[in-house]
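Engineer: Need coordinates for the following:
(chains A and B)
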Amino acid sequence: MSEDRLTQNRRLQRELYGQTLHDRLRTVMALYSIPQKRLAEVLGVSAPMLSQLMSARRVKMGNPRAHERMVALEQRAAEHGVAPLPPEVATAITTRIAAQDVSDTTHLRARHGADTTTITAQELVQALRAHVGATELRAAREKLVPGDPAPTLRELLEDALS
Amino acid sequence: MTTIMSDVIAGRIELLDPLARGASGSLWRAIDRRYGAICAAKVMRQRDGAEVLRFVREQTVGTAKGLGEHPHLLPPYTWVAEDDTVVLVMPLVHGGTLAGALADHGALAPSLVAQLLRQLLDALAAMHESSWVHRDVKPANLLLDATGDGAPHLLLADFGIALHETDVRLTETGFVHGTPGFMAPELLEGLGTSWAQDVWAAAACALEALAPLPPRERPAPSSLPQRVSAALAGSADPAARPLGDLLRAMLAIDPDARPTAVQARDTIPVPSMPPGQWSRTADGQPFEVFDQIDVDEADSVLHEVPLEGPVTLAGLSPGLHERLTAKSSGASAATPNRQPSPSPSPQQPITTERVVHDPTRRNPQAQLLHPSQAPPAPQAPQPSRRTRSTTWIGVLLLLVALLCLAGAAALVWAALA
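Structural biologist: Predicted coordinates for the structure are as follows:
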């Protein structure tokens, strides 16, 4: 790919993502002290695809969930306010964010008529943490406090915030 | 199975590194020592392997050509067994799965989805013609050759729960085989298995490629036709409208109302334009299938088992039956297995070979092995490593003795002359 094309791709990435994906993802890797291979696993994209994005041979993250996970990694790091994160915190966060796809692997057997979509409250809380920022969770909880119209949901949000 | 220096199963399959872990076993990059070539090896427990062994055994029976020669089917080309472990051996496909490609690219363009669907339906048509139902058609079982930005090439794999229509055992009561989200509605109602469920699942895969869902979202099967319409609404892609009509027909609640795989395949035209025109993601980015296997070891010099199977490869060592025949007739019992790799393991004499069944050999005796009894002979007592090395020392001593004799004879002859 020509240098002109790469320059143009970097410009497009700055328009889309504020900075090039190289710079933005390097920052994430430094915050969590993880290599590029692990970052690919956590984002849920293949290592070759991440390499294409970071070298600007490809402009856009095609999978919106990979983008969400990148934002979640940044937000969780910002909440802790230290850089780089302590190793155990970094591992806990990356494991939680990366774990979301594990349930997608084969279930070779499912009982007749059984609800195959059951998830536990804990999984729900983790999903809320990973997909929704703390500010939004807090705002939602505050709306639910007066009169307590939805106590279960409020508790879930509180769990996610704790 | 741990990654110690060398894991060689049945003296033939050398496991190199793990690629993936699934519900029924783990997938490895491996060396098939028979051909000295890189392959993929799925390591399973005996009980999980029973169905697929039946498929492997029977797929070459009764047809002039095995299903393995189909360009879009990737059945194991052989299997080996040792103790309670069964290993299915197939060519290594480098581009990952359709599920992985969707994680990389997000939604795909209708024209690209149509072509992928065409290839999948072609594979299913061949299976159904031989009276097989795959039963687990889903994006994670659709492999892609590493074609870069060329025309993508899809291969249907993982025949772990494939079922022959003549098979009356069907499923255990109370259970249904398949993967949630890709199971036809009649299965959830407890109705029987038929080719129509593969057609439904193929359409569900196509819809997933058009509009990927988060992992845990599995909408009711009856809602899929509406989701097809929603996913294609407003698309400027010329393939969108015919694809929508086809997918809605394939997703009919009534299995009898669905088109066959052949009928469905033939509604999709073969592309007339170069792949750059149609192999794109939903937002117009080029679709690329990367090589997902990173190899940085010395064994990268080995060639690979080609996608159409090892038929074109010259075997490094003779097949088991040839060797057994040779051994039983008393000839050349000491022919050692040639080792293709510079692995530090000791050379395995042929006595370590256990069950090796290779349908590509077309050896009539091989068909006698029944998977349900694999390994068939309850392991004639295996010589231990020590007795084997003793045998070797014996052979060596014998050779030395022969040499001495020859030398003595030469000396005598020289003295006499």
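Engineer: Show the contacting residues for residue A:26.
Structural biologist: Shown in contact with residue A:26 (Cβ atoms under 8 Å, 6 or more residues apart in numbering or on different chains): residue A:54. Backbone N, C-alpha and C define where each C-beta goes, glycine included.
Engineer: do you know how far it is from residue B:407?
Structural biologist: From residue A:26 across to residue B:407, the span is 72 Å (Cβ to Cβ, to the nearest Å).
Engineer: again with residue B:301
Structural biologist: Residue B:301 is 41 Å from residue B:407, by Cβ to Cβ.
Engineer: With residue B:309 instead?
Structural biologist: For residue B:309 relative to residue B:407 (Cβ to Cβ), the value is 50 Å.
Engineer: the more surrounded of these two?
Structural biologist: residue B:309 (21 against 10; other Cβ atoms under 10 Å in any protein chain shown).
Engineer: What segments of chain A are helices?
Structural biologist: A:3-17, A:21-32, A:36-43, A:47-54, A:64-80, A:87-98, A:121-131, A:134-144, A:151-161 (DSSP state H).
Engineer: Quick one: distance of the first one to the chain centre.
Structural biologist: Spelled out, that is helix A:3-17. For helix A:3-17, the separation from the chain centroid amounts to 23 Å (computed by Cα atoms, centre = their mean, to the nearest Å).
Engineer: buried stuff in stretch B:266-274?
Structural biologist: Buried residues in stretch B:266-274, counted by 16 or more other Cβ atoms under 10 Å in any protein chain shown: B:268, B:271.
Engineer: can you pull the contacts of the nearest residue to residue B:238 once chain neighbours are set aside?
Structural biologist: With Cβ to Cβ, 6 or more residues apart in numbering or on different chains as the criterion, residue B:238 has its nearest non-adjacent residue at 7.1 Å, and that residue is residue B:111. Counting by Cβ under 8 Å, 6+ apart, residue B:111 touches B:237-239, B:271, B:278, B:280.
Engineer: Can you pull out the low-pLDDT segments for chain B?
Structural biologist: In the predicted model, chain B carries pLDDT under 70 at residues B:1-6, B:22-24, B:49-52, B:54-55, B:57-66, B:165-176, B:296-300, B:316-318, B:330-391, B:417.
Engineer: Pop the domain breakdown of it in here.
Structural biologist: Following automatic domain parsing, one finds the domains of chain B at B:7-92+B:294-382, B:98-278.
Engineer: One more: chain A?
Structural biologist: Domain segmentation of chain A under automatic domain parsing yields A:1-85, A:118-162.
Engineer: now the helices: where do they sit in chain B?
Structural biologist: Along chain B, the stretches classed as helices by DSSP H are B:46-58, B:98-105, B:110-129, B:185-188, B:195-210, B:224-232, B:240-250, B:261-266, B:275-278, B:320-328, B:385-416.
Engineer: Any idea how far the third one is from the middle of the chain?
Structural biologist: What that stands for is helix B:110-129. The answer for helix B:110-129 is 18 Å, by Cα atoms, centre = their mean.
Engineer: Count the residues that sit near residue 97.
Structural biologist: If you meant another chain, say so; for now it's chain A. Residue A:97 has 23 neighbouring residues, counting by other Cβ under 10 Å.
Engineer: Please refer instead to chain B.
Structural biologist: As a burial measure, residue B:97 scores 22 neighbours (other Cβ under 10 Å).
Engineer: same thing with residue B:256?
Structural biologist: Burial of residue B:256 is recorded as 8 neighbouring residues (other Cβ under 10 Å).
Engineer: Now do the same contact list for the nearest residue to it once chain neighbours are set aside.
Structural biologist: Counting by Cβ to Cβ, 6+ apart, residue B:196 is the residue found nearest to residue B:256 once chain neighbours are left out, at 7.2 Å. Applying Cβ under 8 Å, 6+ apart, one finds that residue B:196 lies in contact with B:184, B:186, B:255-256, B:258.
Engineer: hmm, try it at 7 Å
Structural biologist: Contact analysis of residue B:196 by Cβ atoms under 7 Å, 6 or more residues apart in numbering or on different chains lists B:184, B:255, B:258.
Engineer: quick one: the first one and residue B:200 touch, right?
Structural biologist: Yes: in terms of Cβ atoms under 7 Å, residue B:184 counts as a neighbour of residue B:200; the distance is 3.8 Å.
Engineer: Of the two, which one has the most company?
Structural biologist: Counted by other Cβ under 10 Å, residue B:184 and residue B:200 do not tie: residue B:184 has more neighbours, with 29 against 25.
Engineer: gap between the more buried one and residue B:196?
Structural biologist: To residue B:196, residue B:184 is 7 Å away according to Cβ to Cβ.
Engineer: what does residue B:104 give?
Structural biologist: 31 Å.
Engineer: Also residue A:56?
Structural biologist: Distance, residue A:56 to residue B:196, by Cβ to Cβ: 47 Å.
Engineer: Also residue B:301?
Structural biologist: Applying Cβ to Cβ, the value for residue B:301 to residue B:196 is 47 Å.
Engineer: Run a quick neighbour tally on residue B:224.
Structural biologist: 22.
Engineer: now do residue A:58
Structural biologist: Close neighbours of residue A:58, defined as other Cβ under 10 Å, add up to 22.
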